[in-house]
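Visitor: coords below, sequence missing:
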């Protein structure tokens with residue numbers, strides 16, 4: 001069955017890691033929306049909606065509790081959307097340069113699968129770096145950089161059990177970071 005859930009292009013669809021009925025969508029219509037798949041019949045059946053000033057490129061669920069979503073938007077913000085599954089939804093807005101231009105894959109903030117309190121995102125800063133943020137404070141908690149790290153990585157993936165992070169970009173470069 002076909003449904004129009006957004007007015008613009010959908011950039012991300014993610015299923016909750018703890019409730020397979022919950023789905024988060026991110027769209028160029030400037031919204032992140034939360035849905036219950038059992039009750040989807042039209043766009044009016046949205047459970048929660050967060051508005052951004054520009055299009056949203058990605059949304060990712062916190063892996064352990066599914067109580068938080070982090071989103072990346074072209075309005076130079078990331079949003080930590082908390083309190084999912086409770087009666088009090090929260091929103092922290094974090095300023096972040098997400099202007100990757102037309103030649104780079106848009107940034108995607110993603111959670112560490114071992115933690116609900118930290119997520120990683122690429123950076124436009126010089127010298128090149130990867131930034132790790134706290135969902136609790138909304139502040140950058142760590143940065144990863146190296147003399148040989150000379151490119152912007154837009155896509156990141158954590159190892160599910162070890163402290164290993166891989167970052168890649170559209171030119172085919174992949175950098176792997178591991179705990180010493």
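Guide: Yes, it's here. Quick caveat, the model's predicted, so the values are computed rather than measured.
Visitor: what's near enough to touch the residue nearest to the spatial centre of the chain?
Guide: What sits nearest the mean C-alpha location of the chain, by CA atoms, centre = their mean, is residue 109, with 3.4 Å. Counting by CB atoms under 8 Å, 6 or more residues apart in numbering, residue 109 makes contact with 58, 60, 70-72, 78, 119-121, 133. For every residue, glycine as well, the C-beta is placed using N, CA and C.
Visitor: The same query, at a cut-off of 10 Å, please.
Guide: Shown in contact with residue 109 (CB atoms under 10 Å, 6 or more residues apart in numbering): 57-60, 69-73, 78-80, 94, 96, 98, 119-122, 131, 133, 156.
Visitor: State the number of residues packed around residue 34.
Guide: By other CB atoms under 10 Å, the residues close to residue 34 number 20.
Visitor: quick one: it and residue 67 touch, right?
Guide: No. The pair residue 34 and residue 67 fails to qualify as a contact (CB atoms under 10 Å) at a distance of 11.6 Å.
Visitor: quick one: common contacting residues for these two?
Guide: Contact criterion CB under 10 Å, 6+ apart; residues shared by residue 34 and residue 67: 16, 81, 84-85.
Visitor: shouldn't residue 131 be in contact with residue 152?
Guide: No. The pair residue 131 and residue 152 does not pass the contact test of CB under 10 Å, sitting 11.6 Å apart.
Visitor: More neighbours: those two, which one.
Guide: Comparing residue 131 with residue 152 by other CB under 10 Å, the one with more neighbours is residue 152, at 23 against 20.
Visitor: measure that one to residue 71 for me?
Guide: Residue 152 sits 20 Å away from residue 71, going by CB to CB, to the nearest Å.
Visitor: Much appreciated, bye for now.
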